[in-house]
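Trainee: Sequence and predicted structure, then a few things I'm wondering about:
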Amino acid sequence: MADVGGTMTTDAARPQVFLHAGRDRRVQAGHPWAYSNEVRMTLEIKALAPGSVATLHRVDGKPLGVGTVNPHALIAFRVFDRAAGTAIDEDFLAERLTRAIALRERFYDQPFYRLVHAESDGLPGLVIDRFGNVVVIQSNTAGMNRLLDPLLAAVLAVLAPAAIVLRNDGRTRAFEGLDTHVGIADGDVDGLVEVREGGLAFRADVIGGQKTGWYFDQRDNRAFVAALAVEGRLLDAYCHTGGFAIAAAAAGARDVVGLDSSEAALAIAVESAGLNGVAARSDFRRADVFDALARLAADGERFGVRRRRSARLRPLQKEAVVGDQGLPQARPPRRATGRARRVSVHRLVLPQRRGRGLRHGGGHRPRPRRPFGPDHPRRRRRPRPSRAPPASRNGLP
């Protein structure tokens, strides 16, 4: 019987987690999460260490799968496998990594891609980006954090990378009760690493850059925007390390302008532009984006394509604090000051518009009234009193 980080990984001695009656339909349909209000939070479940491996059951005892439980998080259970007897160990993780590699190799001919994308690859809370022989791991949940040792062993066995970097500094870790840290679990990383995409070469900072150092999930968007900018001008706001701008310049844009407040990120963008021979048509400026946009407009600058980074997703927590500037705080102070107020997470996700339903982008849509049953008093047909037909004015029937 294996023990991983103090968590039993075989079915014999696992904790048993039960859902409330009527709350199993979504999980049975394939969804990998069970929320805290769907789980029967007994004293035994509340006493479990966050991230413990457990078996999920319906209220009648039917098993729904094996996964990790965190009784202190909004997402209380994350399903790893539908077979309740599956052992979550090094072999299981290695099999999932092998399956993820086989899928990526059907699309990419070079090892520069997002290898594991959490639930999409059957590994909830885990993100792995592959930069050639350097692997960057993000462990975002308590469950995956407890499985870190067998995960590192599986990565070494399947990929044999030169270095493994841990980027456990995501803000979602706070919602799981985890600290943040960055480090090198194996090997050594000296400076920037190489990224190859679409026939171009880039540089990425996997230690101090945003996220894992490179946005692999924007690969298709970079190619799409580059095609739009051919023979035109591109303005790239919040350009980070210049991926969109450099791809556009290499595709034939007349000139590109990148704006960002990070001097380190802009230095990487300038280096990458030089690697691809587009430095003469690339202008990266350190500035506050809003101030820079106002100056460009005042100077009469015009661009055929304007690209900016999308807004962040709202934090996933049971409730958040909205302060004076309308921004949610990840961990509200014990005593909120100023005009801060507590609001539901749904108000942070969906804009509220009176009289407009979700179809129009608004807030709550009122439930339709149910029709009365056949035996309801309002549905019973009462016999109408018989009345004689009215007499005609001229006396004729």
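Mentor: Received, thanks.
Trainee: CA atoms for contacts and neighbours, from now on please.
Mentor: Will do.
Trainee: Now do the longest helix seen in the chain: which elements does it pack against?
Mentor: Ranked by number of residues, the top helix in the chain under DSSP state H is helix 90-104. Contacts defined by 3 or more CA pairs under 8 Å, 6 or more residues apart in numbering; DSSP states H and E place helix 90-104 against strand 112-117, helix 148-159.
Trainee: quick one: that helix to helix 148-159, angle?
Mentor: Per axes from the mean of the first three to the mean of the last three CA atoms, to 10 degrees, the angle that helix 90-104 makes with helix 148-159 is 50 degrees.
Trainee: who's in contact with helix 90-104?
Mentor: 113, 115-116, 121-123, 150-151, 153-155, 157-158 (CA atoms under 8 Å, 6 or more residues apart in numbering).
Trainee: Apply 10 Å and report the result again.
Mentor: 4, 80-81, 86-87, 110-117, 120-123, 128, 147-159 (CA atoms under 10 Å, 6 or more residues apart in numbering).
Trainee: May I see the ChimeraX selection of the buried members of those residues?
Mentor: Buried subset of the contacts of helix 90-104, written as a ChimeraX selection, criterion 16 or more other CA atoms under 10 Å:
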select :4,80,81,86,87,111,112,113,114,115,116,117,121,122,123,128,147,148,150,151,152,154,155,156,159
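Trainee: CA atoms only for the longest helix of the chain - export them in CSV, please.
Mentor: C-alpha atoms of helix 90-104 as CSV (Å, rounded to 0.1, in the frame of the first residue of the first chain):
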residue,chain,number,x,y,z
GLU,A,90,4.1,7.6,-9.9
ASP,A,91,3.0,5.0,-12.5
PHE,A,92,-0.4,6.7,-12.8
LEU,A,93,1.2,10.1,-13.3
ALA,A,94,3.7,8.7,-15.8
GLU,A,95,0.9,7.2,-17.9
ARG,A,96,-0.9,10.5,-18.0
LEU,A,97,2.3,12.3,-19.1
THR,A,98,2.9,9.7,-21.8
ARG,A,99,-0.6,10.1,-23.1
ALA,A,100,-0.2,13.9,-23.1
ILE,A,101,3.0,13.7,-25.1
ALA,A,102,1.5,11.4,-27.7
LEU,A,103,-1.3,13.9,-28.2
ARG,A,104,1.0,16.9,-28.6
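Trainee: Quick one: mean pLDDT for it?
Mentor: Helix 90-104 carries an average pLDDT of 97.
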